[in-house]
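1. Here is my input; please provide its structure:
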Amino acid sequence: MGRMKPMHTRREFMRMCAAAAAAAGCAGCRSELEGGNAVTETHPEEAERTPDLKYVTYCGLYCRHCDIYRTAIARQASALCETLRNEREKQPELERMNGFKEFWAVLEELAQNQSEGKCRGCRGGCGDPDCEIRKCARSRRVEVCSSCADYPCQKIHAFVKKYPHVIGDGMRQKAVGLSKWIEEQEQRYRAGFCFVDLRNPS
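-> Down below sits the predicted model:
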């Protein structure tokens, strides 16, 4: 009886085994069968580039939407600085007014917050130094509250009384990922969005 002709070449057989190992999720077998060149599957969330969290607060706000950072206060303070600079030469008595020096120092500081890089952000210590949400997030080692298993917690629900859009933004972070969410916040920023437009009175 003659020798049977193999149904598959060794190369074809190894490819079939590698495919079977991949289907079974055996990364180690697949690596060995393909000569150590295992193909690692990457989930979309793992493939996401590490986002720049400079302007992202733990609670889910975006610092560039802050009325101090970019809108009403900073713009108006900057405009008033410019007006006073022009008027100081015409009206030198302004500088002799009681408290003008202190007033000018505060006004200039408020105006400077409009410039890029002046805001330290939540992670840099800006805002309430005793913020319970920030303390909680750091103790739990989460980058944003929306990634916490207990989100939205009682602290967030209490915060929503002042910032009603926070939970909606947090759920959006979970749905599209931080990188995409930050892109959306930059679009809002360029469109002139500000917290003061939505914030409830204290």
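2. lowest average confidence, helix or strand, in this structure?
-> Using mean pLDDT, DSSP states H and E, the weakest-scoring helix or strand in the chain turns out to be helix 27-33, at a mean of 37.
3. Quick check on D130: phi, psi?
-> phi -110, psi 20 (degrees, to the nearest 10).
4. pLDDT score for it?
-> Looking at D130, its pLDDT stands at 90.
5. What helix or strand is R138 located in?
-> Element membership of R138, judged by DSSP states H and E, is helix 132-140.
6. Just give me the neighbour total for Q91.
-> 11 (other Cβ atoms under 10 Å). Just so you know, the C-beta spots here come from the backbone N, C-alpha and C atoms, and that holds for glycine as well.
7. one step back: got a list of contacts for the helix or strand following the helix holding R138?
-> Using DSSP H and E, the helix or strand that directly follows helix 132-140 along the chain is helix 154-160. With Cβ atoms under 8 Å, 6 or more residues apart in numbering as the test, helix 154-160 has contacts from 59-60, 132-133, 136, 145, 152, 166-167, 170.
8. can you put those residues in TSV and add distance to F195?
-> Listed next are the contacts of helix 154-160 as TSV, based on distance: Cβ to Cβ, whole Å:
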residue	distance to F195
C59	12
G60	12
E132	19
I133	15
C136	21
C145	17
P152	18
V166	10
I167	15
G170	15
